[in-house]
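> How does the following fold in three dimensions:
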Amino acid sequence: MSDITEPTTPPNIPTLRIKAIQSLLMEKGYIKADAIDEIIDIFEHRFGPKNGAKVVAKAWTDPAYKARLLSDATAAIAELGFSGLEGAHMFVTENTESVHNMVVCTLCSCYPWPTLGLPPTWYKAPQYRSRAVIEPRKVLAEFNVMLPANVEIRVWDSNAEIRYMVLPLRPAGSEHLNAEELAELVTRNAMIGTDILPAVQS
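Numbers count the residues shown, from 1 in each chain. Predicted coordinates:
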C-alpha cells in the first residue's frame, strides 16, 4: 500500500490575501495573535447559525419555550445566552403548512448576528433585497424552494429597529431526535426562509 497522501487543495486567492494582510498587521504590531483567535472564537462559537439552530431546536422540543419565543423573541433568545447589539430587538415568525416566511432587508443588510452569524453575500445583494419583496415565489424557486400555490408567502423586512428570524417547520420523521440532534438539522437559510428542511430518513 502506498503511503503517498492525496495532495491538498491550495488556499484560494481571497484566503491568501487575508493571511498576508493578517501577517503584515501582526508584524507591525497593530494586532496580536490572541486578539485574532478571540475574534475567530466569537464568530465560530458565540455568534453564528449554530446559536440560531439551538433556539429552533429548543422551540421544537419545548412548547412553553416556543410560546415565549413567539411572544418575546429577544427575551427568549437571551435565555439561551444569545444577545447583543445586532440581536437586541428580535421577532421570530413561524412557518406552518399554510404560511411560509422569508426575511429580507430592503434598505441595507440588517441581520441578527448573535443568532445567525455573518450575513451571506446574497442576502446583502441588491437583487435579493429588491426581488424578495416583488416576486418572493420566484426568488424562493431559485433557492430550490418550490411551494404549492395555496401556501401564503410572507416577507419580513428587517431594519435597525427589529431583526427577524424564521422558525422552520420541524422535519417529518424527526420525532425521535433530541434537541442536540435536531439542531444539527437546522440550516442558516431555513432561519432566513430560503430553505425547507427535508424529512429525516429512518
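
> so Ala183 sits right up against Gly52, yeah?
No - using Cβ atoms under 8 Å, Ala183 is not in contact with Gly52; the gap is 9.1 Å. The way it works is simple: take the backbone N, C-alpha and C, and place the C-beta from them, glycine included.

> Gly93 is in what secondary structure piece?
One correction, residue 93 is Thr, not Gly. Secondary-structure element containing Thr93, defined by DSSP states H and E: strand 90-94.

> helices and strands around that strand, which ones?
Packing partners of strand 90-94 (3 or more Cβ pairs under 8 Å, 6 or more residues apart in numbering; DSSP states H and E): helix 63-71, helix 73-79, strand 152-157, strand 163-167.

> Just the buried positions in stretch 56-63, please.
56-61 (16 or more other Cβ atoms under 10 Å).

> neighbouring contacts of that stretch?
Contacts to stretch 56-63, defined as Cβ atoms under 8 Å, 6 or more residues apart in numbering, come from residues 65-66, 69, 80, 92, 167-168, 170, 174, 178-180, 182-183, 186, 190-191.

> where do the helices sit along this structure?
13-27, 33-41, 49-61, 63-71, 73-79, 113-116, 121-124, 126-134, 136-142, 179-183, 188-192 (DSSP state H).

> ok, back up a step: nearest to Tyr30 among the helices and strands packed on strand 90-94 would be which one?
strand 163-167 (31.8 Å; Cβ to Cβ).

> Closest one of the buried residues of stretch 56-63 to Leu147?
Nearest to Leu147 among the buried residues of stretch 56-63, with distances taken as Cβ to Cβ, is Val56, at 19.6 Å.

> before we move on, the earlier item: please pick the buried ones from the contacts of stretch 56-63.
Judged by 16+ other Cβ under 10 Å, buried ones among the contacts of stretch 56-63: 65-66, 69, 92, 167-168, 170, 182-183, 186, 190-191.

> Can you name the two of those that sit furthest apart?
Tyr65 and Ala190 (18.3 Å).

> In the sheet, which residues pair with Ile152? Tell me.
Not quite, residue 152 is Glu, not Ile. Val99 (DSSP bridges).

> Wait, it touches His100, no?
Yes - Glu152 is within contact range of His100, at 7.2 Å (criterion: Cβ under 8 Å).

> And these two? Which one has more around it.
Between Glu152 and His100, His100 has the larger neighbour count (other Cβ atoms under 10 Å), namely 23 against 10.

> what's near enough to touch the more buried one?
Counted by Cβ under 8 Å, 6+ apart, His100 has contacts 140, 145, 147, 151-154, 193, 196.
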